[in-house]
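K.L.:
what follows is a protein structure lacking sequence information:
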């Protein structure tokens, strides 16, 4: 499972009205999950119990289309870039933060590396052995061209770096989905 890192303040909304925490978890549709929104102005994280709905996360969406043999839509040329981090790396960073004394800093939690939609598509096709069917639509003016986080502060503070590559994470996610 991956967390797709997005930008924007907590509780902000995207143009399509979806609540936009700093991260979206890719989980099984219809399952209950805890969603943590970390607000640095609050002493405690906000925890919500929500049902996963489809439409979140590029990697999960691509894997579902590969599994179902259905076509997916890509808006634009597929060269928009995003920062992806594997959930296990996020958990490790959170565990390290809990072990620290009180900290009031702001940190970017991501991989620090950007991948275009086309690059992610190639990884998914390589891992699954399935060529994705894609329909391209014209680019939308609302889409940010690139979101890649500077993770140097969190790397230094926690003596931490993400360990799971995009390829390894997609393989883990694909194997998990096939067993679901």
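P.N.:
Right, received. Where do you want to start? The structure presented is a predicted model; accordingly, all values stated were derived computationally and were not measured. Numbers count the residues shown, from 1 in each chain.
K.L.:
sketch out the low-pLDDT regions of the chain for me.
P.N.:
For the chain, applying pLDDT under 70 flags the ranges 1-56, 103-104.
K.L.:
let's see 50
P.N.:
The model of the chain has pLDDT under 50 over residues 1-52.
K.L.:
helices of that one, start to end?
P.N.:
Ranges of helices within the chain are 58-68, 87-98, 117-128, 152-158, 166-179, based on DSSP state H.
K.L.:
which among those helices is found nearest to residue 107?
P.N.:
Distance to residue 107, taken as C-beta to C-beta, is lowest for helix 152-158 among the helices of the chain, at 4.1 Å. To be clear about C-beta, it is placed using only N, CA and C from the backbone, and glycine gets the same treatment.
K.L.:
in the closest one, which residues are buried?
P.N.:
By 16 or more other C-beta atoms under 10 Å, the buried positions in helix 152-158 come out as 154-155, 158.
K.L.:
mind giving me a markdown table with the residues you listed and columns for distance to residue 80?
P.N.:
A markdown table is the format used below for these (distance: C-beta to C-beta, whole Å):
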| residue | distance to residue 80 |
| --- | --- |
| 154 | 24 |
| 155 | 25 |
| 158 | 29 |
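K.L.:
my guess is residue 92 meets residue 159, correct?
P.N.:
No. Taking C-beta atoms under 8 Å as the definition, residue 92 is not a contact partner of residue 159, at 11.4 Å.
K.L.:
can you pick out the residue with more neighbours from the two?
P.N.:
A side-by-side neighbour count of residue 92 and residue 159, using other C-beta atoms under 10 Å, places residue 92 first with 17 against 8.
K.L.:
skipping its backbone neighbours, what lies nearest that one in space?
P.N.:
Excluding the flanking residues, the one nearest residue 92 by C-beta to C-beta, 6 or more residues apart in numbering is residue 160, at 6.8 Å.
K.L.:
mind putting the helices of the chain into CSV with distance to residue 141?
P.N.:
Output for the helices of the chain, formatted as CSV (distance: least, C-beta to C-beta, whole Å):
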stretch, distance to residue 141
helix 58-68, 19
helix 87-98, 31
helix 117-128, 17
helix 152-158, 31
helix 166-179, 28
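K.L.:
to residue 145, which of the ones you listed lies closest?
P.N.:
For residue 145, the closest of the helices of the chain is helix 117-128, at 11.3 Å, according to C-beta to C-beta.
K.L.:
what helices and strands are in contact with that closest one?
P.N.:
helix 58-68, helix 166-179 (3 or more C-beta pairs under 8 Å, 6 or more residues apart in numbering; DSSP states H and E).
K.L.:
please work out which of those helices is packed deepest.
P.N.:
Most buried of the helices and strands packed on helix 117-128, by mean neighbour count (mean count of other C-beta atoms under 10 Å): helix 58-68, with a mean of 20.
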